[in-house]
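Participant: Okay, structure incoming, though there's no sequence with it:
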Ligand SMILES: Nc1nc2c(ncn2[C@@H]2O[C@H](COP(=O)(O)OP(=O)(O)OP(=O)(O)O)[C@@H](O)[C@H]2O)c(=O)[nH]1
Ligand SMILES: [Mg+2]
């Protein structure tokens with residue numbers, strides 16, 4: 001039985017889809033595997049405002065811009081504290097007819113980290129609380145029982161969250177799935193079994209767990225989109241975004257209708273997408289806090305290119321562009337020189353048509369006159385946006401960077417860990433983003449004195465990578481941050497460095513790195 005809602009919404013699309021996809025041949029049939037029989041016939045997602053209105057789900061109630069703004073928070077101060085490590089235990093094995101059973105106090109579990117994780121579903125920092133406490137590790141127990149490690153505590157943040165500590169920017173979480181360890185959990189204490197040695201067969205020493213790391217971070221959201229729309233209030237930015245994408249910002253004939261940024265996605269052939277951000281209008285003197293100020297310009301700061309929207313029906317449309325550029329420059333030097341496209345909107349109005357020749361004379365062919373309401377000449381804008389996106393992709397690839405992709409591309413499987421500045425982990429790990437090999441060249445374990453008795457698993461990204469670009473990962477677990485893994489139950493003490501396969505000492509560059517970390521090498 002086909003659900004009725006399939007027909008009430010976009011029945012034509014649904015039926016077209018049935019015709020175009022077919023199951024794979026039986027021999028190679030995988031669950032949910034489909035073969036594409038013919039490519040999609042439409043080259044560009046071109047729609048006018050009127051068509052776009054019909055695409056929305058009739059059941060979904062639109063929230064007013066005022067309500068939406070209430071849920072939109074773009075900066076937050078947050079206190080994060082990692083979980084405390086559990087205490088080690090001092091006790092001795094006790095069994096009938098077994099004298100001198102030996103120490104059997106287990107180690108405490110490590111405290112859980114507090115981790116910021118980028119979630120595509122989260123749109124603002126409104127859901128982030130002001131303080132977080134990580135889960136504590138459990139204490140060790142008798143009979144060599146180790147305490148349970150505290151679970152990591154995840155804080156979901158939106159794409160484009162900037163993490164600042166004081167004046168420093170410590171992480172830029174601009175890709176979905178990316179993670180940042182905001183506060184490390186404390187290492188667990190050692191039980192007396194750990195201190196068993198040839199010259200001390202009955203140690204009573206045990207150590208308490210270490211407290212978790214505490215940090216005060218400032219989270220700042222900066223939208224990440226390909227194109228950022230800049231224009232005076234009422235220029236028709238939101239109407240334009242509605243016309244080219246499925247985003248639904250409010251449109252009305254009064255200034256400052258838009259109170260929070262909206263991001264729309266323009267779809268092209270081959271699943272290529274360009275994201276366009278609509279921000280509240282900017283006016284002359286915004287840098288002196290006129291209108292809504294220019295704080296919202298932070299949301300176009302990271303856009304790869306700009307979309308200036310001019311109202312051609314206004315009295316002096318040619319003055320608008322220079323005023324907008326002037327405000328951008330006052331916000332951030334060089335911002336107005338980004339690759340951009342200038343759009344002259346409301347070409348359907350007679351006064352706009354009368355201004356057009358003069359404006360074309362000044363701006364030349366860089367101006368795209370169009371009408372967001374009637375959809376006139378929207379294709380020219382879409383083609384230009386695509387060209388700018390392709391230029392961006394080419395330039396990023398030339399620099400061996402990954403171009404901005406929306407939504408998260410599947411290849412971004414690699415989790416990036418920015419390690420906070422502690423003695424062992426004061427290592428920027430941006431290398432993970434740009435070309436970290438799946439299997440690092442070197443991989444060895446080492447004892448780390450900052451976490452007594454803890455065993456670090458250190459891997460260098462590649463022999464040629466700068467020294468400070470390190471990531472740690474365990475051989476069994478995907479990653480062991482902060483080297484809080486315990487040594488085995490035998491409690492072998494003393495320095496130990498072994499390469500995987502235990503075939504020798506680490507090479508010179510790795511020795512340097514370990515020395516920087518304070519790891520002793522035998
Ligand atoms: N005739 C005509 N009117 C338009 C066109 N585009 C937008 N408008 C009208 O201009 C008014 C303002 O449009 P918005 O899209 O809200 O303008 P905005 O730039 O987003 O305004 P703010 O959110 O206040 O910055 C609305 O009444 C629209 O109907 C157009 O192409 N032609
Ligand atoms: Mg608007």
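Facilitator: Okay, I see it. For clarity, every value in this text was computed on a predicted model and none was experimentally measured. Ligands and ions are numbered 1, 2, ... in the order given.

Participant: Output the contacting helices and strands for the longest helix seen in the chain.
Facilitator: Counting residues, the longest helix in the chain under DSSP state H turns out to be helix 378-398. Contacts defined by 3 or more Cβ pairs under 8 Å, 6 or more residues apart in numbering; DSSP states H and E place helix 378-398 against helix 237-244, strand 273-278, strand 305-311, strand 340-345, strand 367-369. The C-beta positions use only the backbone N, C-alpha and C, and glycine is treated the same way.

Participant: what kind of secondary structure is residue 156 in?
Facilitator: strand (DSSP: H, G, I helix; E, B strand; the rest coil).

Participant: Residue 122 is in contact with that one, correct?
Facilitator: Yes. The pair formed by residue 156 and residue 122 meets the contact definition of Cβ atoms under 8 Å, at 4.9 Å.

Participant: more crowded one of those two?
Facilitator: Between residue 156 and residue 122, counting by other Cβ atoms under 10 Å, residue 122 is the more crowded of the two (19 against 15).

Participant: Name the spans of this protein whose pLDDT lies under the cut-off.
Facilitator: Low-confidence segments of the chain (pLDDT under 70): 1-71, 401-522.

Participant: near ligand 1, which residues of it show up?
Facilitator: 231, 233-239, 251-253, 255-258, 280-281, 345-346, 348-349, 371-373 (Cβ under 6 Å from any ligand atom).

Participant: Now, of these, which are buried?
Facilitator: Neighbour-count burial (16 or more other Cβ atoms under 10 Å) is assigned, among the residues of the chain next to ligand 1, to 231, 233-239, 251, 257-258, 280-281, 345-346, 348, 371-373.

Participant: circling back to that earlier point, which of the helices and strands packed on helix 378-398 is buried the deepest?
Facilitator: helix 237-244 (a mean of 27; mean count of other Cβ atoms under 10 Å).

Participant: Check which helices and strands that helix sits against.
Facilitator: Short answer (3+ Cβ pairs under 8 Å, 6+ apart): helix 237-244 packs on helix 49-55, strand 227-231, strand 262-267, strand 273-278, strand 340-345, helix 378-398.

Participant: Tabulate the ones you listed in a markdown table, adding columns for distance to residue 187.
Facilitator: Below are these laid out as a markdown table (distance: least, Cβ to Cβ, whole Å):
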| stretch | distance to residue 187 |
| --- | --- |
| helix 49-55 | 54 |
| strand 227-231 | 45 |
| strand 262-267 | 42 |
| strand 273-278 | 42 |
| strand 340-345 | 51 |
| helix 378-398 | 40 |
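
Participant: which of the ones you listed sits most buried?
Facilitator: Of the helices and strands packed on helix 237-244, strand 227-231 is the most buried (mean count of other Cβ under 10 Å), at a mean of 27.

Participant: Can you tell me which helices and strands it packs against?
Facilitator: helix 237-244, strand 273-278, helix 298-301, strand 305-311, helix 317-331.

Participant: ok, and what's touching it?
Facilitator: Outside of strand 227-231, the residues within contact range by Cβ atoms under 8 Å, 6 or more residues apart in numbering are 237, 240-241, 274-279, 281-282, 297, 299-300, 303-311, 320, 324, 328, 341, 385, 388.

Participant: Neighbouring strands - and their directions - for it?
Facilitator: Using DSSP bridges, strand 227-231 pairs in its sheet with strand 273-278 (parallel), strand 305-311 (parallel).

Participant: Thought residue 203 was touching residue 195, still the case?
Facilitator: Yes. Between residue 195 and residue 203 a contact is recorded at 3.7 Å, counting by Cβ under 8 Å.

Participant: Overlap of the contact sets of those two?
Facilitator: With Cβ under 8 Å, 6+ apart, residue 195 and residue 203 have common neighbours residue 103.

Participant: so who does residue 85 touch?
Facilitator: Taking Cβ under 8 Å, 6+ apart, one finds 108-111, 136-137, 185-189, 209-212, 484 in contact with residue 85.

Participant: Can you get me a residue count around the nearest residue to it once chain neighbours are set aside?
Facilitator: Residue nearest to residue 85 in three dimensions, not counting chain neighbours: residue 209, with 2.9 Å by Cβ to Cβ, 6 or more residues apart in numbering. When neighbours are defined as other Cβ under 10 Å, residue 209 has 29 of them.

Participant: same check, this time on residue 75
Facilitator: Using other Cβ under 10 Å, residue 75 has 15 neighbouring residues.

Participant: Also the one 3 residues further on?
Facilitator: Look at residue 78: counted by other Cβ under 10 Å, it has 21 neighbours.

Participant: and the residue lying closest to it once chain neighbours are set aside, what element?
Facilitator: Once flanking residues are discounted, residue 78 sits nearest to residue 217: 5.4 Å by Cβ to Cβ, 6+ apart. If you go by DSSP states H and E, residue 217 is part of strand 214-221.

Participant: And the contacts of that strand?
Facilitator: Residues beyond strand 214-221 that count as contacts (Cβ under 8 Å, 6+ apart) turn out to be 73-82, 116, 124-125, 128, 157-158, 160-165, 170, 182-183, 298, 420.

Participant: In helices, which of these appear?
Facilitator: Short answer: the contacts of strand 214-221 in helices (DSSP H) are residue 298.

Participant: Enumerate the residues of the stretch 201-350 of the chain near ligand 2.
Facilitator: 238, 257, 258 (Cβ under 5 Å from the ion).

Participant: And for residue 142, the neighbour number?
Facilitator: Other residues close to residue 142 by other Cβ under 10 Å number 14.

Participant: which residues touch residue 144?
Facilitator: Residue 144 is in contact with 104, 105, 106, 191, 193, 489, counting by Cβ under 8 Å, 6+ apart.

Participant: Now a PyMOL select for only the buried ones of these.
Facilitator: A single PyMOL command selects the buried members of the contacts of residue 144 (16+ other Cβ under 10 Å):
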select buried, resi 104+105+106+191+193
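
Participant: Please enumerate the strands of the stretch 101-250 of the chain.
Facilitator: With DSSP state E, counting those that start in this stretch, the ranges of strands along the stretch 101-250 of the chain come out as 114-118, 131-133, 153-157, 161-165, 168-173, 179-183, 214-221, 227-231.

Participant: which one of those strands has the most crowded surroundings?
Facilitator: Among these, the stretch with the highest mean neighbour count (mean count of other Cβ under 10 Å) is strand 227-231, at a mean of 27.
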